[in-house]
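J.: coords please:
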Amino acid sequence: MVTGVETAGLVLAAFPIIVSGLSCYVQGVQTIRYWRRFRRELTVYAQTLETQRICYLNTLEELLDGIVASDEELAALLSDPKGDAWHKPEYKERLQARLEHSYDTYFLTLTNMIEALVDLGEKLGIDVKGTVLWDEHSFLERELKKMKIVLSKSVYSELLEKIEKANRDLRELTHQNISLEPIRRKRRSRRRNTTDFKVIRRHATSLHDVIINGRTWKCKCKDHHVASLRLETRPRTLTESKSKHRFRMLLGKGQGGKIAQSRSDWREIEVEPVEFAGDQADTGFSDAMSSLASASAPIDTAEKGIGFLTDDGAIKHYLYLVKSNTGANIRTVSLDDLLSSTQLGSSAFLLARGDRLHIAVTLASSVLQLDRTSWLKTQWRSSDIFFHMEGEFASMTSKQCFKHPYLSWKLSSMGEEQDHPAESSALKTRVVRSEPLLALGLALTELCFGKNLSEMQRPEEIDSNETLTRLNTAHRLLGDVYNESGGRYGDVVQRCLFCLFDMRDVSLDNEDFQDAVYDNIVSPLIQDLETFKGAGSMT
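T.: Below you'll find the predicted structure:
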């Protein structure tokens with residue numbers, strides 16, 4: 001089957017054949033006095049077709065720019081319209097990517113043009129090589145009589161104008177599709193992000209079912225085990241890389257839902273989810289997990305595969321031990337603690353602006369990745385975000401690394417903190433369109449000032465619903481957010497607090513809404529961080 005690229009070459013080959021045939025007629029007319037007056041009309045026809053050939057050549061050169069690898073390759077194609085180079089499959093793929101939904105229309109327009117050229121050639125008595133089929137004056141006179149009819153106004157309108165229209169359509173389609181390429185690249189990038197979000201959310205849900213809700217831990221001390229999932233700025237990485245994503249986790253023993261305070265009591269692992277087909281399980285691996293978390297020997301392996309876990313579906317989670325360079329004295333500190341002056345003293349500690357921006361990006365990205373996966377509560381707060389750090393709490397300084405926030409879960413279902421239905425119902429009465437984004441907006445407001453909302457609230461803002469109290473305070477502070485962190489950050493906070501998106505379905509399961517959140521919340525925060533760092537990309 002002839003492809004669009006090959007048809008483009010055939011059209012390019014047909015033009016000079018017809019133009020050459022008409023030129024032969026012009027030369028022949030000069031030898032017959034009776035027909036010399038027709039020479040001017042023939043010349044006009046030939047010039048018109050040559051103009052159309054040049055227009056088509058220009059359009060074709062624009063169309064193939066970026067599809068062919070080099071100027072030399074382009075020149076070779078244009079000089080040999082029927083050559084083998086036109087049959088390369090990669091040309092078809094690139095042309096389809098450039099034209100997208102215009103591809104079939106473009107192909108049809110090319111077909112219409114070549115049919116008009118072939119029809120004109122047949123009526124003029126020009127063979128496929130461009131030779132005029134005459135060798136005697138008498139035969140030429142007969143052919144010219146027929147040609148006079150062929151090139152009458154009605155036939156001219158039917159054929160030549162058909163060629164002109166096809167040329168205009170091709171030129172317009174080419175311009176439109178090339179001008180749309182940046183928009184389409186952005187859309188494809190967003191769709192890749194959306195695909196990544198869907199995959200990450202599916203894998204994160206499966207991992208929660210295996211680690212938290214499953215039968216992985218068979219030891220008697222399960223109620224004291226804690227699993228902490230590290231939050232990542234993952235979608236941007238996945239867009240720029242084809243590497244598989246992994247989850248980083250800390251497993252250990254603790255009290256009150258928090259991670260262990262000693263390095264000997266915790267283990268760091270990486271989990272690589274792999275989807276598979278078929279019924280497979282590995283129930284015996286659960287005991288190994290319990291032994292891993294309760295072992296007293298420190299890890300000294302950079303990365304060591306220790307097996308896999310499976311859910312009840314079709315996902316295997318391969319586990320790898322990770323070498324830790326962390327000191328022996330590990331402390332767990334919530335983001336709420338880091339922002340609290342009552343915990344640290346009014347001037348004892350303050351998250352640096354760069355740290356706050358990095359945390360903001362990570363939290364915004366994590367909402368897209370983990371909403372409704374059970375890892376992230378709908379009404380999450382800064383008290384649900386943890387950092388596992390070295391040293392005593394009172395001696396922490398701004399030199400600490402805050403790049404890796406965690407979500408921490410006790411492995412006993414009795415220890416899980418759930419969302420409060422009464423609060424959720426109250427929020428709905430206030431037309432809160434997106435609770436996950438509201439939670440993010442509240443956290444971003446706190447990060448803007450490096451303080452808890454509770455420490456900035458006024459008596460008149462207090463509501464029986466604590467979340468509404470926090471929203472009242474954040475609303476009042478919105479103007480100060482713009483002054484403190486700039487227009488881009490302020491716009492993000494406002495969109496989060498009031499879900500300012502022009503669409504009905506604002507569930508993060510909706511791919512269009514995911515795209516909008518990434519473009520209008522995550523991406524601006526990334527830009528703010530990159531501007532602050534003075535770098536071209538975020539690591």
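
J.: From now on I want contacts and neighbour counts done on CA atoms only, so please keep to that.
T.: OK.

J.: how about I315, what does it touch?
T.: Applying Cα atoms under 8 Å, 6 or more residues apart in numbering, we find I315 in contact with H203, S206, P273, V274, E275, F276.

J.: Could you check how many residues crowd around the third one?
T.: I take that to be P273. When neighbours are counted by other Cα atoms under 10 Å, P273 registers 25.

J.: picking that back up, which ones among the contacts of I315 lie within strands?
T.: Taking DSSP state E as the definition of strands, these contribute P273, V274, E275.

J.: Format those as JSON lines; extra columns: pLDDT and distance to L357.
T.: Putting the ones in strands among the contacts of I315 into JSON lines (pLDDT from 0 to 100; distance: Cα to Cα, whole Å) gives the following:
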{"residue": "P273", "pLDDT": "91", "distance to L357": "29"}
{"residue": "V274", "pLDDT": "88", "distance to L357": "32"}
{"residue": "E275", "pLDDT": "84", "distance to L357": "34"}
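
J.: State the phi and psi torsions of P405.
T.: Backbone torsions of P405, given as degrees, to the nearest 10, read phi -70, psi 160.

J.: Provide the secondary structure category for the residue lying closest to it once chain neighbours are set aside.
T.: Residue nearest to P405 in three dimensions, not counting chain neighbours: F387, with 5.1 Å by Cα to Cα, 6 or more residues apart in numbering. When classified by DSSP: H, G, I helix; E, B strand; the rest coil, F387 comes out as strand.

J.: List the beta-bridge partners for F387.
T.: For F387, the beta-bridge partners under DSSP bridges are V333.

J.: CA atoms of the helix or strand hosting L321 as PDB?
T.: Assigned by DSSP states H and E, L321 belongs to strand 315-322. This file holds the C-alpha atoms of strand 315-322, laid out as PDB (Å, rounded to 0.1, in the frame of the first residue of the first chain):
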ATOM      1  CA  ILE A 315       1.800  -6.800  40.600                       C
ATOM      2  CA  LYS A 316       5.000  -8.000  42.000                       C
ATOM      3  CA  HIS A 317       7.000  -5.800  44.400                       C
ATOM      4  CA  TYR A 318      10.700  -6.500  44.200                       C
ATOM      5  CA  LEU A 319      12.500  -5.500  47.300                       C
ATOM      6  CA  TYR A 320      16.100  -4.300  47.600                       C
ATOM      7  CA  LEU A 321      18.100  -3.500  50.700                       C
ATOM      8  CA  VAL A 322      19.700   0.000  50.600                       C
END
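
J.: tell me which residues of it are tucked away?
T.: Residues of strand 315-322 classed as buried under the neighbour-count rule (16 or more other Cα atoms under 10 Å) are I315, K316, H317, Y318, L319, Y320, L321, V322.

J.: Please apply the same query to stretch 496-509.
T.: C496, L497, F498, C499, V506, L508, D509.

J.: and the fifth one, what does it touch?
T.: When you say that, I think you mean V506. V506 sits next to R433, S434, F513 when contact means Cα under 8 Å, 6+ apart.

J.: What residues are recorded as beta-bridge partners of the nearest residue to H245 once chain neighbours are set aside?
T.: Take H245 and drop its neighbours on the chain: the residue closest to it by Cα to Cα, 6+ apart is E272, 6.8 Å away. Taking DSSP bridges as the rule, E272 bridges to Y318.

J.: Specify which member of the buried residues of stretch 496-509 is nearest to L229.
T.: L229 lies nearest to L508 out of the buried residues of stretch 496-509, by Cα to Cα, at 20.5 Å.

J.: Quick check, pLDDT for the closest one.
T.: L508 carries a pLDDT value of 89.

J.: For the buried residues of strand 315-322, give me JSON lines that also has distance to K88 and pLDDT.
T.: Formatted as JSON lines, the buried residues of strand 315-322 follow (distance: Cα to Cα, whole Å; pLDDT from 0 to 100):
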{"residue": "I315", "distance to K88": "39", "pLDDT": "87"}
{"residue": "K316", "distance to K88": "40", "pLDDT": "88"}
{"residue": "H317", "distance to K88": "41", "pLDDT": "89"}
{"residue": "Y318", "distance to K88": "41", "pLDDT": "89"}
{"residue": "L319", "distance to K88": "44", "pLDDT": "89"}
{"residue": "Y320", "distance to K88": "44", "pLDDT": "89"}
{"residue": "L321", "distance to K88": "47", "pLDDT": "86"}
{"residue": "V322", "distance to K88": "47", "pLDDT": "83"}
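
J.: With distance to R246 added, can I get the residues you listed in a markdown table?
T.: Listed next are these as a markdown table, based on distance: Cα to Cα, whole Å:
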| residue | distance to R246 |
| --- | --- |
| I315 | 13 |
| K316 | 12 |
| H317 | 9 |
| Y318 | 9 |
| L319 | 10 |
| Y320 | 10 |
| L321 | 13 |
| V322 | 12 |
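
J.: residue ranges with poor pLDDT in the stretch 301-450 of the chain?
T.: Applying pLDDT under 70 to the stretch 301-450 of the chain picks out residues 301-304, 313, 324-330, 341-350, 390-401, 411-431.

J.: switch the cut-off to 90
T.: 301-334, 337-352, 372-374, 377-379, 387-404, 408-433 (pLDDT under 90).
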